[in-house]
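Peer 1: Whatever this is, show me its structure:
(chains A, B and C)
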Amino acid sequence: MTYIFTYRFIPFSSQGMGFGCEAKLLLLFLLLPYLGIGKTIRVGQGQQFVKIKPALAASHSGDTVVVEKGTYSEGNIVIDKAITFLGHNLPVLDGHRKFEVVSIKSDSVTIRGFRIQHSSYATLDDPGGVKVYESNHITIADNYLYDNFFGIYIQYGKHCLIQNNKIVAFGKEEQQIGNGIHCWKSDSLQIIGNNVSGHRDGIYFEFVTHSVIWRNVSYSNIRYGLHFMFSNDDAYFTNLFRNNGAGVAVMFTKNVVMMNNTFEQNWGDAAYGLLLKEISDAYIQGNRFSQNTSGIYMEGTNRILVEKNSFEANGWGMKIQASCMDNTIQNNNFTGNTFDISTNGTLVLNTFNNNYWDKYEGYDLNKDNLGDVPYHPLSLFSVIVEQNPPAMLLYRSIMVMLLDKSEKILPSLTPENFIDHQPLMHALKL
Amino acid sequence: MIEIQNISKTFGSLQVLNGVNLSLLKGQCIALIGPNGCGKTTLIKSILGMVVPSQGDILFQGTSILKQFAYRRHIGYMPQIGRYPENMNIGQVVEMIRNIRKDDTNLDLELLEEFKLQTLYGKRMSTLSGGTTQKVSATLAFLFNPDVLILDEPTAGLDPLAAEILKEKIIREKQKGKLILITSHLLSELDDLITQLIFMQDGQVIFHKDMDTLRADSGEEKISKAIANILKQQAK
Amino acid sequence: MSRIIKFIFIDILKNRIVLLYTLLLAGFAWSAFSLEDNSTKGLLTLLNLILLTVPLVSILFSTIYIYNSAEFIELLLSQPIQRKAIWVSLFLGLSLSLVVGFVVGAGIPILVYAPSDVGLMMLAIGCIITVVFVAIAFLSAILSRDKAKGIGISIMLWLYFAILFDGLVLFLTFQFSDYPIEKAMIGISALSPIDISRILILLHLDVSAMMGYTGAVFKDFFGTSLGFALSFFILLLWIAIPFLVSLRRFKHKDL
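Peer 2: I've put the predicted structure just below:
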C-alpha cells in the first residue's frame, strides 16, 4: 500500500499537513519515514537541476523528482532510493543504444510520465528501458517505451504495478529483440492496461506467481502476445492478443485462469490463438478465438475446463494432441472453422459436452435445444491432414468432400468415441 | 479444269480409292457411275477437300487443292443427303450461306423461285421431308453461279416435277459451258444430259469415255446397255 | 470467321440448355451469397460450383454440340472456308456462349456480393475453366466418330479431373510422405486445371497457413507475381494444347 501513498502525498507535502484528529495519527505514524523528508526536486532548463543524475544524487528516499520536458541523454540512470520519479510533459530519456536507460534498485519507486527510448542492445545482460532489480512495491505507469531491447523488465520483484504504458519496438527476428514486459521470478504483479507491440513476446512470465494481467493489448509481436513459463496461480482477463506470431503460450504451468480474452488473427505457419503445453488445472472461459490458424493447440494438458468460449473462423478450432487427458470442453460455440477439432491419436480421454457446432446436421425432435444425434467433430480429412500435412492441398476438392460425407455416414477411420453426445442446436449467446 | 492425279484413299484397312487418274474439262457434263460403295462419293468429297486423300494430288485450274479452300468458291456442291443444322429454318440457312460467302453480286435465284422455297422459308430444317431438303441443297449448289457443279445423286428423293426442273436447270448450266459432275445410279435419267461417262468399281476407274465414243464402241444408244456392253468386252 | 462465330453464338444462345445453365448458376450463386453470413463463405460455396458443375456442363454440352454440328460443319466445308476457320469459329462460339452463361449466372452475384480480389479471380478462373473444358470437349469429340463414345470420353475426362486426379494426389502424398515432395506437388498440381484453379483460389483465401511447410512452399510459388502469371499461363496451356491437338486432327479429318 505504501507505494501508492508515496505518490499521493506529493501535493500534501508541499502544502503542509493538516491532520489533527486521532484516527489519522496512526496513518501519519506509518508514513513518517516519508513525510518528514518528502520534498520536490525539479529538473530541467532553468530549474534547480539541469541534469537528472545530480538531482537523483541530491535526493533522499521519499522525495519527488520532477523532470520537465526535454531530452536527457545521461547514460544509465540508476534509482536506488525510494523516490517518485515523475516526467512532466513527457521528457525523453535516451540510452542511445549504449545503456540500459533506467535501473531501479530500491523498493517503493514510482516512475511515471517518461518517454524512455533506445536502450542498449547487448544480449548478454538483457538491458531494458526500465529494469527492476530485486525490488518490491514498484510502480511503472504512463510511460512511453520506444525502441528498447526489453521494454520493462522485472527481476525478483514483488507487488509491482505496471500500468498504462505504451511499449513499442521494431523487432525483426526473435534473437535480436527482448520482450515488452518481462517478469522473472516475481510475485504479486499487476499488469494492467498496457499496450505492447513489436517485441519478441509482448508479456513474458517466468517463475511468476499470484499475478494478474488485465486489459492489456498485445499485438504484432514476433513470438507470443503473452508467454507463461513455470508460472503458477496467475490469471489474465480481458486482454486482446492480435496478430502475434502466436497469441498466448502457457507452458509448464498450473492453475492459470484465462477469461474473457480475445485471440485473433494469429495467422501463419505454426500459429495459435492459445498454446497450452504441459499445463494442468486451468480454467478457460468466455474467450473469443477468431481467425487463428489454430484457436487452441494443446499438448500434455490435463484437467482443464474449456467453457463458453467462441471459436470463429479458425483453421482449426482446437488441436488436441493425444497427450491430453481429462479435459472438458463444454458449452462452446464452434462456427466457421475449417476444422473444428483435430487430433493425432486414436485414444480419446477428453470429454465434449453440449457444444454448438455449425457443421452439425442432426435434428431435435423434442425441442430441448439438444441434438438427438451425437456429433463427431473430427472429420476424416482433418485426420488425414494431421498425419500428412501436404494433403491439405486437397482442401475443398470434390474428392475430400465425398470422403468426409461417406465417413460421416459410416465412420470407420476416425476415433469412434470422439463425440459430442448432446450438441446444441443453436449457438450460445457469448 | 480438274486434274485428279493418282488418288488413293484408305479408311482404316479399307481401300476406297485406288490410284484414280482423271481429267475433267470445262464444258463437260460427266456422269460418275458405278455400284454402291465403289468410291464415287469419296472421290467427290476428295475434290471438295472434305476427304483428304492418302496419296496423290488434285489440281484445280492448275493448282493443288490440298490445304486450300478458296477454290471452293468456284464449286457448287449438292450432297447426296443434305444435312443441315436442325434448329435453323430454310431462310436462315440460305441467309447464313450468303452471309458467309459475302459475294452477293451474281446470285442465281432461279431454283429458289422454281422450287417455290420462299414460301417455306420459316420451316425448320429438322421438319423438312427428304425431297424438300434436296431442293434446298440444289438451290444452294447453284446459288453462287459456280463454274463447277458437283451433284451427288441429284434427283434421288425428288418428285418427278422437281426432278424435271432440276434437269432443265442442269442443261441450262451445261450450255453456259460449265463443268458438271453428276453421280447417279438411275442411268436412264442421265441419257439426255451427259457428254462423258466415268465408270468406277472397287475404287478404280474402269473406263472414262466420251459419250459419242462409248455409243460407237458399244453400238448401243442407251447408256445402261452401252455400259453393260463395254464391261463384257473388257471382261474378255 | 466472325460471321460464323456469330451464327454459332446465336444458335447456342437460342438453345434452352445454356439458358437453363445460366439460371441454375444464378439461382445457386444468389442463394449461396444470401444464405451464407459472409461473402468469403459464399465464395467457398461457389468454388465447389466452379470446380464441379462448370466443368461438367462445359464439357458435356460442348461435346454434344460438336457432334450435333456435324451437318453444319459439312455444309460449311463445301463452301470456300478454311477448315481451321470452321473449327476455331465453333470453338470460339461455344466458349463465348458458355462464358456469357457463367458471367451472367455466377459473375453478377460475385460482383455484387464480393467485388474483392478473390471475387474477381474467381470470376476469371470460372471463365478460364469453362474454356478449358470446352477445349477438352473438342479433343474428345475429335477422338471418336461415334457420338456415344465421344460423350463417354468426355465424362471420363471430367471424372478424372474433378475427382480421380485428387485421389491420385492423395495417394502420392501418402506414398511419398517421407520425402520432400512439396516442390514436386506444385508440378503435379499443374497436371489438372481444376486443381491448379482450386489452389490458386485457396491461397488467396489464405489457407496456406494451414498447410504448414507445404503451404509455405506453395505460397512462395503461387504468391509471387511470377508464379501467379505462370499458373495462369499453365491454365492457358490447358486451353491451347487440347484445342490445337484437336485442330490438327480436324484439319486431316475425313467427313
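Peer 1: pLDDT wise, what is residue 174 at?
Peer 2: This is for chain A. Note on residue A:174: pLDDT of 81.
Peer 1: Hmm, no, I was thinking of chain C.
Peer 2: At residue C:174, the model reports a pLDDT of 85.
Peer 1: And for it, the neighbour number?
Peer 2: When neighbours are counted by other CB atoms under 10 Å in any protein chain shown, residue C:174 registers 13. C-beta: built from backbone N, CA, C; applies to glycine.
Peer 1: Quick check: the gap between it and chain B.
Peer 2: Distance from residue C:174 to chain B, counting by CB to the nearest CB, to the nearest Å: 44 Å.
Peer 1: now do residue A:133
Peer 2: Here the criterion is CB to the nearest CB. By it, residue A:133 lies 92 Å from chain B.
Peer 1: three-state assignment of residue B:200?
Peer 2: strand (DSSP: H, G, I helix; E, B strand; the rest coil).
Peer 1: who's it bridged to?
Peer 2: Counting by DSSP bridges, residue B:200 is bridged to residue B:205.
Peer 1: hang on, isn't it packed against residue B:42?
Peer 2: No - counting by CB atoms under 8 Å, residue B:200 does not reach residue B:42; the two are 9.9 Å apart.
Peer 1: Next, residue A:334: secondary structure please.
Peer 2: Per three-state DSSP, residue A:334 ends up strand.
Peer 1: How many neighbouring residues does the residue nearest to it when sequence neighbours are not counted have?
Peer 2: Sequence neighbours aside, residue A:340 is the residue nearest to residue A:334 in space, at 4.4 Å (criterion: CB to CB, 6 or more residues apart in numbering or on different chains). Applying other CB under 10 Å, we find 28 other residues in the vicinity of residue A:340.
Peer 1: Now the element after whichever strand or helix holds residue A:340, going C-ward?
Peer 2: Residue A:340 belongs to strand A:339-342 when assigned by DSSP states H and E. Using DSSP H and E, the next helix or strand after strand A:339-342 towards the C-terminus is strand A:351-353.
Peer 1: Quick one: residues in contact with that following strand.
Peer 2: Strand A:351-353 is contacted from outside by A:327-331, A:377, A:418-422, using CB atoms under 8 Å, 6 or more residues apart in numbering or on different chains.
Peer 1: Please apply the same query to stretch B:185-200.
Peer 2: B:20, B:22, B:24, B:27-34, B:36, B:38-40, B:43, B:153, B:155-156, B:163, B:167, B:170-171, B:174, B:182, B:184, B:205-211, B:214, B:222-224, B:227, B:230-231.
Peer 1: Apply 6 Å and report the result again.
Peer 2: B:28-34, B:38-40, B:155, B:184, B:206-211, B:214, B:223-224 (CB atoms under 6 Å, 6 or more residues apart in numbering or on different chains).
Peer 1: among those residues, which are in reach of chain A?
Peer 2: Here nothing survives when the contacts of stretch B:185-200 are matched to chain A using CB under 6 Å from any CB of the partner chain.
Peer 1: Helices along chain C, start to end?
Peer 2: If you assign secondary structure with DSSP state H, the helices in chain C sit at C:2-14, C:16-35, C:39-68, C:70-77, C:83-102, C:108-113, C:117-143, C:147-159, C:165-175, C:182-189, C:193-204, C:212-222, C:225-251.
Peer 1: need these in TSV with distance to chain A, can you?
Peer 2: Listed next are those as TSV, based on distance: least, CB to the nearest CB, whole Å:
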stretch	distance to chain A
helix C:2-14	27
helix C:16-35	13
helix C:39-68	6
helix C:70-77	33
helix C:83-102	18
helix C:108-113	17
helix C:117-143	13
helix C:147-159	10
helix C:165-175	4
helix C:182-189	6
helix C:193-204	6
helix C:212-222	4
helix C:225-251	14
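Peer 1: Tell me which of these sits nearest to residue A:57.
Peer 2: helix C:212-222 (55.6 Å; CB to CB).
Peer 1: Run the angle between that closest one and helix C:165-175 for me.
Peer 2: 130 degrees (axes from the mean of the first three to the mean of the last three CA atoms, to 10 degrees).
Peer 1: any idea of the mean pLDDT for helix C:212-222?
Peer 2: Per-residue pLDDT over helix C:212-222 has a mean of 73.
Peer 1: contact partners of it?
Peer 2: Outside helix C:212-222, the residues that touch it by CB under 6 Å, 6+ apart are A:269, A:389-390, C:182, C:186, C:203, C:208, C:227, C:231.
Peer 1: nearest to residue B:121, of these?
Peer 2: Among the contacts of helix C:212-222, and counting by CB to CB, the member closest to residue B:121 is residue C:231, at 51.0 Å.
Peer 1: wait, what's in contact with that closest one?
Peer 2: Neighbours of residue C:231 in contact, by CB under 6 Å, 6+ apart: C:196, C:200, C:222.
Peer 1: Swap in 10 Å and give it another go.
Peer 2: Residue C:231 makes contact with C:125, C:186, C:189-190, C:196-197, C:199-200, C:203, C:221-222, according to CB atoms under 10 Å, 6 or more residues apart in numbering or on different chains.
Peer 1: So for residue B:200 and residue B:42, which residues contact both of them?
Peer 2: B:17, B:20.
Peer 1: one step back: what about the contacts of strand A:351-353, which are in strands?
Peer 2: Counting by DSSP state E, the contacts of strand A:351-353 place A:328-330 in strands.
Peer 1: quick check, nearest of these to chain C?
Peer 2: Using CB to the nearest CB, residue A:329 comes nearest to chain C of the ones in strands among the contacts of strand A:351-353, at 20.9 Å.
Peer 1: Pull the contacting residues for the spatially closest residue to the closest one that is not a sequence neighbour.
Peer 2: Nearest non-adjacent residue to residue A:329, counting by CB to CB, 6+ apart: residue A:306, 4.7 Å away. For residue A:306, the contacting residues are A:258, A:274, A:276, A:282-285, A:287, A:296, A:298, A:318, A:320, A:327-332, A:350, A:352, A:355, by CB under 10 Å, 6+ apart.
Peer 1: Any quick PyMOL command for the buried ones out of those?
Peer 2: Those of those that count as buried under 16 or more other CB atoms under 10 Å in any protein chain shown are selected in PyMOL with:
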select buried, chain A and resi 258+274+276+282+284+285+287+296+298+318+320+327+329+330+331+332+350+352+355
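Peer 1: From chain C, how far out is the nearest residue to residue B:35 once chain neighbours are set aside?
Peer 2: Closest residue to residue B:35 apart from its sequence neighbours, by CB to CB, 6+ apart: residue B:201 at 6.4 Å. Note on residue B:201: its distance to chain C, by CB to the nearest CB, is 21 Å.
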